Each structure stands twice: as structure tokens, then as C-alpha cells.
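Q: Sharing a model that was predicted from the sequence below.
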Amino acid sequence: MAGAKDWLVTDTALNALRRVQFDVSDIIRRAQGDVVGAFGLDPKESPHQIITSRAYWRLRDYGGDDRSRSLLIIAAPIKRPYIWDLAPSISAIRFCLHQGLHVQLLEWLPASPNVGNIGLDEYVLAISEAVTTITSAAQGVKPSLIGHSLGGTLAAIYGAFSPQSIRGLVLLGAPLCFEPSASQFRDALVTLVPQEISDTDPFPGSLLSHASALASPGTFIWSRLMDAAMSISDPLAMEIHARVERWALDEVPLPGKLVHQIIEWLYRENRFCRGMLKIGEGFVGPSNLSVPTLVVVNTADDVAPPISLKPFADAMAKNAQIIEYPGELGVCFQHLGILVGRRARAQVWPEILSWLQSQN
């Protein structure tokens, strides 16, 4: 008994030491990002104002001429949300503004020891409050939601939780199904991320980046190097690649409870796709997602491959429209191509805007 207790104390101490090491890694990577940014690669975000906030989130309003065409971006909880708005020529937000949409963005603030126990329930409630704020300002007109990556996953969970509160839903490279053996990235990630994650301690962003790189080195290391090498002759492609690299260094800690629930409930147990994800007092899944939905999938993306989206779309209460995007060079990560790629901007985003207009 004493030996087991000593082992538990030692293991806990080692876990704490590892966490401290990655806390320091967050600081170092952000400092590296600042150095890269000093060469003219810092983000050039669109003007916006904060219209409401809480301890772990705030709602940005970028303006727009028509509040009856509100689009709420659900940012991913990983890194900073300016991936949507890197520079004037590389900005999904500016594209939407130029098309006459009234754009808002729900930003998740870095986790801290003072704000703990923030999980999926709290994130869904934050989206609910943001939607209510926007609907009230628009005199009862509901917004559409759009999200990329885990931001899209959160948007889909909210859409299943409260479909009557939004007009439409756009999911960009958002993983929704996590069947074992269906995705090499999924299988490796659940093996690498420890099961015992503290609900109260912040989870270092660099630890998640490290685990992702180990889970899919082809995606997070080798393809980045190949993209840089093949973009050398294209100055704009090189600029996009460099700006994405600068963004990738901007690590932020996540709530431990959120990371635990995403890894355990979604990636390991696939609860959302199986209709077994409990939010509030009920369970949500694809059959609850009755709002019109557009799904954009990058066929070259290993993080959110088609197999992580299509089974969910097939089981939805309403048929979802699916757009397949083949990826492109000059985007650093294929997973980000839909947000920063020139081909995506020229070919896919007009389809997205047309679909949003059809929901009006």
C-alpha cells in the first residue's frame, strides 16, 4: 500500500513538472512569435469593438451595414482567432464584410487558474448568450453561425442544442465523428494525450501542439516544410505561409476541463456522433441538428478528413449540403487552407456566401 501511494505521489509530481515545462514552452513560443512579427508579420486585424464579455469569452463586433444578415464566427479555442483576419489580403472576415454581412466573432480568452472548470456546457452557454445578444440587437433576426476546426465542432454542438435560435450553420473543416481506426490522427492523438487531465488547471497550448505534431508529423511538420519549399517562387504564397507560421507560435492555455472533455467525450468515446453527448439536461447528436447546414471539407486535410464529417451529415435531421475543397499550396497547413488559401477565397467562399444568402 505504501509503495502504491509513493508511486502515485511521484507520478503526480512528474505530471506537474511536465506541465510546468510546457507552460514555459508557451512563453518561449509566444516570444518567438513576437520576433517573427517584428519582421512585418504581425496580424493586421480589422477594426472591431467588444460589445459584451465574461470571464472566459468576449464578443467582437466588426460592424456591417445590415444587421438582418448577421454572421457569428465561433472561434476555435486553440491559439488566437486572428487566423480569420491575418492581413487585408488574407482575411475571411474582410471578405464577409465586403459582401454586406454584419460580422461578429466569439473569442475565447486564455485559461487561467482563477477561471477553472470551464467545459463544453459553459462554452455552449457562452454561444447561447452571444446569439441572444446579437438577435436582440437585430430586433429578433437570428444570426447564422460559422466555425472552423474545433470552433466548428462547438458551433455544431450548439446547433444541436438550440437549433431554433439560429438561421443557418456553416462548418469548415470541423471534425464531428471520431470512430476508432477511421482517422490515423484521431487514433494517435487519443494514445498520446494522457487520460488524467486536471479539470481545474490550465492546459498549455504548446502541449497540445506537441501532441498533434507527434500524432501526425506528416501534417504538422513535413507538409509544412514541403509547402514552404514549393512556395518559394510565389511571394504572396510565401507571405501567407510566414503569417500562418507566426500565428502558430501564438500559444494560449486552454481550460483543462474543456481539453479533458474534448479528448474523452468526443475523440475517445465519439459521444456527439452517437447522440450521447450530454449538454445541460439533455443529450445531443446529429438527429438534433435540424438547422440548415453547409459543410466544407478539405479532402487533403488529415485533421478533419471527409470520414470525420460525412457520417455525421448523413445522420442529421435535415440534409446537409457538402462542398469538397481539394486544398492548395501556400497555406502552410492544409487544415487552414479554407481560411487563408487564395483558391478557397476565389472558388469556395463565393459558394458559402451564396448559401448564406439563400437562408435569408
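A: Done, it's in. Numbers count the residues shown, from 1 in each chain.
Q: Measure how buried the nearest residue to residue 275 once chain neighbours are set aside is and give me the count.
A: Nearest residue to residue 275, sequence neighbours excluded (C-beta to C-beta, 6 or more residues apart in numbering): residue 285, at 2.7 Å. C-beta coordinates here come from the backbone N, C-alpha and C atoms, glycine included. Residue 285 has 20 neighbours, counted by other C-beta atoms under 10 Å.
Q: OK, contacts around residue 285?
A: Contact partners of residue 285, counting by C-beta atoms under 8 Å, 6 or more residues apart in numbering, are 160, 272-277, 315.
Q: Can you classify the spatially most central residue of the chain as helix, strand or coil?
A: For the chain, the residue nearest the mean C-alpha position is residue 76 (2.6 Å; C-alpha atoms, centre = their mean). With DSSP: H, G, I helix; E, B strand; the rest coil as the basis, residue 76 sits in coil.
Q: So the residue nearest to residue 275 versus residue 238, what's the distance?
A: 43 Å (C-beta to C-beta, to the nearest Å).
Q: same question, residue 270
A: 39 Å.
Q: Where do the strands of the stretch 101-250 of the chain begin and end?
A: Taking DSSP state E, counting those that start in this stretch as the criterion, the stretch 101-250 of the chain contains strands spanning 102-108, 144-148, 169-172, 202-203.
Q: for those strands, which one sits closest to residue 34?
A: Comparing these against residue 34 with C-beta to C-beta, the closest turns out to be strand 102-108 (19.9 Å).
Q: The closest one: how far from the chain's middle?
A: Strand 102-108 sits 13 Å away from the centroid of its parent chain (C-alpha atoms, centre = their mean, to the nearest Å).
Q: Please apply the same query to stretch 136-156.
A: Using C-alpha atoms, centre = their mean, the offset of stretch 136-156 from its chain centre is 13 Å.
Q: mean confidence for it?
A: Regarding stretch 136-156, the rounded mean pLDDT is 96.
Q: just to revisit the earlier point, and the contacts of residue 285, which are buried?
A: The neighbour count (16 or more other C-beta atoms under 10 Å) marks 160, 272-273, 277, 315 as buried among the contacts of residue 285.
Q: Widest-spaced pair of the residues you listed?
A: Applying C-beta to C-beta across the buried ones among the contacts of residue 285, the maximum distance is between 277 and 315, 13.4 Å.
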